[in-house]
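Engineer: Dropping a prediction and its sequence here:
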Protein chains: 2
Amino acid sequence: MTLKELALHLKLSPTTVSRALNGYPEVNAETRRRVMDAAKALNYAPNLMAQKLATGRARAVGHVLPLADHQMINPIFAEFVTGASDVYSAAGYDMVLRAVPREQEMDTYRAMAERRAVDGFIVHGPLVDDQRMPVLRKLGLPTIIHGRTNSMEADQLYLDVDNREAFERATQLLIGLGHRRIALLNGLETMAFARMRREGFEAAMTGAGLPIDEDLMSSAEMTETYGYTMASHWLDRPNRPTALIASSILTAMGMLRAVQDRGLVLGQDVSIVTHDDDMSFLRNEGEVPLFTCTHSSIRAAGRRCAEMMLHLVTKGPERVTSELWTCDLVQGRSTGPAP
Amino acid sequence: MTLKELALHLKLSPTTVSRALNGYPEVNAETRRRVMDAAKALNYAPNLMAQKLATGRARAVGHVLPLADHQMINPIFAEFVTGASDVYSAAGYDMVLRAVPREQEMDTYRAMAERRAVDGFIVHGPLVDDQRMPVLRKLGLPTIIHGRTNSMEADQLYLDVDNREAFERATQLLIGLGHRRIALLNGLETMAFARMRREGFEAAMTGAGLPIDEDLMSSAEMTETYGYTMASHWLDRPNRPTALIASSILTAMGMLRAVQDRGLVLGQDVSIVTHDDDMSFLRNEGEVPLFTCTHSSIRAAGRRCAEMMLHLVTKGPERVTSELWTCDLVQGRSTGPAP
DNA sequence: GCCTTAATTCAAAGCGGTTTGGGGAGCAGA
DNA sequence: TCTGCTCCCCAAACCGCTTTGAATTAAGGC
C-alpha cells in the first residue's frame, strides 16, 4: 500500500493525503478524518526510506561504539544505549548502532555523516586528547558527548557527571574516617573520566596533607578480575592500605572477593568506596546498600542525552545546553573507621 | 556532492557512473577507473536513503529489545549485539535498535516491517509460548531467533545453545562428585532457555534416582543480589545443599559472596557450577578458572546470527540452516567432592 | 455585483539514487 | 555492402514520499 494507492482509493491527490496524515493545517477536518480512517483501515504505513529521502532527515541518531581489545566498557554502553533507545523509540526515531575497531572509528563517523544515514551523533567514551573531536566538528552534524574531554571546543555540547568532585568527596569521606593509606583502583586513564577521578582523589589527599603513593594507584579496564587481582596484591603488602576506592561496582565486587578470601571483614579491616553506575544487573541494593558509593545512573544519562539530541535536531540548538551532574554519595556497609 | 553532479563533472551519464561505482560489467575498464578516481577525489558518497529507496532494500536489520521491569537481560543483549553489530558493520549493513516495553513490542515489529525500515529481524529472548512468533511469521520478513521456543514453526530459523544437555551434564558432574542435595537457581522460567535448563537438571536428577526438591529450585532474573539472597537462604537451612547450580556468572558471584560470608570454603563445603556466557566484563579467567561452568560465548552467537541473517537477505534462504551449539564443560575451582 | 481573502485541493517538480530499454560504434562474417 | 554481434553508454522511467506554486471555490467587504 503506497500513498498513491491510498489517494486513488480516496479519490484525493497524494498531496492532500500526505498533508492530512502529517497534520498540516491546510486540510479540511472532515477530509482529514476520512484519510486517517482509511489509512488505519487499509493498514497504510508510509515508506520510511521515501520519507527520509524526501525530507532530507534521517530520523535516526548514530552511536558508534569502539570495539576495544578488552571491551569492559560494554555493559556501560549497553545501559546508556537502552536509556537512549527508549527515548528515541517514543519519538519515532531510530538508533543506528555500529560497533567498530578503534582504528575504523573516524571512517565510520565520516561515512555515516556523508551518506546522511543519521541526523546526529552521540559520542561515547571520550579520551584525554581525543582525536575524534576535530573530525566530528568538521562533519558538521549535531553532536553530543557523553562525558567531556580537554580536546573539545568550548561550545561543544556534552552531558557529564562531575567525576572530579565525586572522587574528591569519596576520598574525603574515607579520610574523615581516619584512613591514611588509601588505594585508588581507577579505570583506564586514557579515558577522560578516569583522569578526572584521579585528580579528585589527589586533590583530597594533598588537601588533607596526605602523601600520594604511586604504588597505591592503578589504572586498567574495570573488570571483576582486575579488582580481585589488585586488591589481593595490595592487601598482601606488609603495610596494607586500610581503604580502597573502586571506579566501578564490578571492580568493587572483585575487591570484596579478595577481602573475604583473606578472612578480613569489610567495613572493619578494610573499607571500600566505589562508583556505582546503577547498572540494572548489578544493583547495589538493600535498605543499607552493600557498598558506600558515589552514584549516578548511566541509563538516566542515556535518556537525557537522547532528549537533548532530539531537541537539537527538531527544534534547533537554542535552549539546549550542556549538563554537569553531581553524584549522590550513598552510605553503605562497606566503610567504617580506620582500624 | 550527488551522483548527477559527479556525472556532469565526468561528462558521463548518471547511469554509467552508477554502474561503474557498483561494479556492473557493462562499463569500460578505463571509464570505471576514471569514475572511481573522481569519486574518491571529490569525496563522493552515495546518499543512503536514495539508495535504499531505489533498491527497495534497507540494508539494515532490526533488533528489538524488550524493556522488562527488571532488565537484567541487558548485559546479555549487549554482548550479543556487539557481536552482531561488528559483522553488520563489516558488511556495510546497519543495526537498528529499539528498546521498547513488552506491550509495545509487537507494534514495533509491525511498524518496522511495514515501513520497510529493515530487511530482517533477529529476535531476542524467546519465551515459552511466545506470542511474537505467529506475528513475526505473518510479517513475512526473514527472521532468526536467538534461542528456540515451542511456539515457533518447524521451519523457523534459529541459533541456540543446547541448554538442556548442558544443564544435564552439569548436574551429572555434581552427582558424580557425590552430591545429593543440589539446588538450582534458574533464570526466569517464562524464558524458553530457562525452561530447558530446568528440564536438563531434572533429567539428570531423576536419572540418578535422586528426588527433585521444589524447595531447592528457584527462578528469577539473574542478578548478583538474587544469587546472594537465595544462596544465603539455602545455606542457612538445617540440611543445606552441598552444591548449587547457577544460570549466570552474575548469580554465581552472588552465591560465592554468600558462601564466603559464612566462612565456608568454595569447592569444599559447597560446590558451584554455573553457566558462563563469556561476557567480556565478567570473565571466568585463570589457568584454572574460578567457576566450573558450562560455557558458550554469547558474543560469538551474535556474530553467527548476523552472518546467517546477511546470508539470508543477500543470497536467499538456501544453504542457511538452524544451529544448535553444544556448551563446553569447563572444570574450575568451584567444585569438589561432596563433604 | 465586483474584488479580496481565506479555505481546500491538486498537478508537478523535486529528493538522489537504480534500472530498463534502447542506440551508436566498431568489427567479423557472408 | 549489408547483417548481426558485441561493447559502451545514455535518456528516461521509477522508487514513494514531501513540498512548491497554482487553481478552484466559498465567504466576506464595500
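Structural biologist: Sure, I can see it.
Engineer: Can you show me the helices along chain A?
Structural biologist: Using DSSP state H, the helices of chain A run over A:3-10, A:14-21, A:29-41, A:48-55, A:74-91, A:105-114, A:132-139, A:163-176, A:192-207, A:224-235, A:249-261, A:298-315.
Engineer: looking at the ones you listed, which has the lowest confidence?
Structural biologist: Ranked by mean pLDDT, the helices of chain A end with helix A:74-91 at the bottom, a mean of 88.
Engineer: Give the buried residues for that helix.
Structural biologist: A:74-89 (16 or more other C-beta atoms under 10 Å in any protein chain shown). For the C-beta atoms, the positions are set from N, CA and C on the backbone; glycine is no exception.
Engineer: Which member of these is positioned nearest chain B?
Structural biologist: A:Ala78 (3.1 Å; C-beta to the nearest C-beta).
Engineer: Who are the contact partners of the nearest residue to that closest one once chain neighbours are set aside?
Structural biologist: Excluding its sequence neighbours, the residue lying closest to A:Ala78 (C-beta to C-beta, 6 or more residues apart in numbering or on different chains) is B:Ala78, at 3.1 Å. By C-beta atoms under 8 Å, 6 or more residues apart in numbering or on different chains, the contact set of B:Ala78 is A:Asn74, A:Pro75, A:Phe77, A:Ala78, A:Val81.
Engineer: who are the neighbours in contact with the third one?
Structural biologist: Applying C-beta under 8 Å, 6+ apart to A:Phe77 gives the contacts A:Leu65, A:His124, A:Gly125, B:Ala78.
Engineer: Quick check: the first one vs DNA strand C, distance?
Structural biologist: Looking back up the chat, that one is A:Leu65. Using C-beta to the nearest atom of the strand, to the nearest Å, we find A:Leu65 at a distance of 27 Å from DNA strand C.
Engineer: neighbours of that residue, just the number please.
Structural biologist: 26 (other C-beta atoms under 10 Å in any protein chain shown).
Engineer: My read is that it contacts A:Arg98, right?
Structural biologist: Yes - using C-beta atoms under 8 Å, A:Leu65 is in contact with A:Arg98, at 7.0 Å.
Engineer: list residues touching both of those two?
Structural biologist: B:Ser85.
Engineer: separation between the residue nearest to A:Ala78 and A:Thr31?
Structural biologist: Distance of B:Ala78 to A:Thr31, computed by C-beta to C-beta, to the nearest Å: 47 Å.
Engineer: One more: A:Arg164?
Structural biologist: Applying C-beta to C-beta to A:Arg164 and A:Thr31 gives a distance of 59 Å.
Engineer: neighbour-wise, which of the two wins?
Structural biologist: A:Arg164 (18 against 15).
Engineer: Spell out which residues of the stretch 51-200 of chain A are next to chain B.
Structural biologist: Residues of the stretch 51-200 of chain A found near chain B (C-beta under 8 Å from any C-beta of the partner chain) are A:52-53, A:58, A:60, A:65, A:67, A:70-72, A:74-75, A:77-79, A:81-82, A:85-86, A:88-89, A:94-100, A:104, A:108, A:111, A:114-117.
Engineer: starting at the chain centroid, how far to stretch A:164-179?
Structural biologist: From the chain centre to the centre of stretch A:164-179 is a distance of 24 Å (C-alpha atoms, centre = their mean, to the nearest Å).
Engineer: Residues contacting that stretch, please?
Structural biologist: The set of residues external to stretch A:164-179 that reach it, using C-beta under 8 Å, 6+ apart, is A:182, A:196-201, A:203-205, A:207-208, A:210, A:241-243, A:245, A:271, A:273, A:275, A:292-294, A:296, A:326-327, A:329, A:335-338.
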